[in-house]
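Engineer: Fold the following, please.
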Amino acid sequence: MKFKKMHGIGNDFVIFDARMENLVITPDDMSLVADRHFGVGCDQVVVIDESDTADVRVYFFNADGSESGACGNASRCVADLVMAESGEDSCSIEVNDGVLPCRKAGDLLVEVDMGAPRYVRDMDLSYGGVSKPVAVDMGNPHLVFFVDDLGDIDVEEVGAYFENHEAFPDRTNVEFVSVEDDGGLRQVTWERGVGLTLACGSGACAVAVAAAHRELAGRAVEITLDGGTLELVWRESDGHVLMTGPVAYVFEGQI
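Structural biologist: Down below sits the predicted model:
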């Protein structure tokens, strides 16, 4: 099976194209591919397929082999691949919950319309020095905690605790966020089925929505993650979240 390795600000993917060859891959296979010691190594495995409603259909799988409903950084990477194939400056990607319009915003820079959040709600939860998060669903669930100092939080312990909290029977992603002096946001993500990641695109969308909901930021905000920076706009006209960020090609191979 041929694959491409790409990343969006450090959130890395092994991408298989089922349009090009008969792809038979199990959750155990995906977990092995994602393993950084015994496989290729990635946060998510991505499968591109044919679509009747968009340019391509995309499936996202976490490093443990479980399916993820959405992945913003991977969507940007796939969009860049599709636009390179067609020579066009825009494309559409079908995911579990609908179709994401994408456009080229510069050289190796892509904007994705991630749609509107399914819900935004305050929750009364606390553990490990964090409390009162905002729950946001951007095609997959996120729990966003705002903190004064990210260095005070044991991200692995607290992230794993809330990932598997009884309030989330399908588990959840967990974001820890501080408001910077310049008005931007600093984000660290514990990703369900993966663990600590350098970046999470759908998480950044959730953070932008949660920050505006709590009036900690405007509807347009720059979010800095361990792997780089994303630009987010929570559009007032229709509630859609637009995410713009870079993509990178790492290598191609076969397995």
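Engineer: domains in the chain, as residue ranges please.
Structural biologist: 2-113+245-254, 119-239 (automatic domain parsing).
Engineer: Now mean pLDDT and mean neighbour count too, for those, in TSV please.
Structural biologist: C-betas here are computed from N, CA, C, even on glycine. Shown next, in TSV, are the domains of the chain (pLDDT from 0 to 100; neighbours: other CB atoms under 10 Å):
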stretch	mean pLDDT	mean neighbour count
domain 2-113+245-254	95	18
domain 119-239	97	19
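Engineer: Without its sequence neighbours, what residue ends up closest to Ile48?
Structural biologist: In space, and not counting its chain neighbours, Ile48 is closest to Asp17: 4.8 Å by CB to CB, 6 or more residues apart in numbering.
Engineer: wait, that neighbour sits on Met1?
Structural biologist: No - using CB atoms under 8 Å, Asp17 is not in contact with Met1, being 9.3 Å away.
Engineer: Could you name every residue contacting both of the two?
Structural biologist: Common neighbours of Asp17 and Met1 (criterion: CB atoms under 8 Å, 6 or more residues apart in numbering): Leu23.
Engineer: counting residues per helix, which one in this protein is longest?
Structural biologist: helix 72-86 (DSSP state H).
Engineer: which residues are contacting it?
Structural biologist: Taking CB under 8 Å, 6+ apart as the rule, helix 72-86 contacts 4, 6-9, 11, 13, 15, 44, 46, 48, 55-56, 58, 60, 89-91, 93, 95, 100, 102, 104, 108, 110, 112, 114, 138, 199-205, 243, 245, 247.
Engineer: so how far is that helix off the chain centroid?
Structural biologist: Mean C-alpha position of helix 72-86 versus that of the full chain (CA atoms, centre = their mean, to the nearest Å) differs by 14 Å.
Engineer: helix/strand/coil for the closest residue to Ala116 other than its chain neighbours?
Structural biologist: The shortest distance from Ala116 to any non-neighbouring residue, by CB to CB, 6+ apart, is to Gly239 (3.8 Å). Under DSSP: H, G, I helix; E, B strand; the rest coil, the three-state class of Gly239 is coil.
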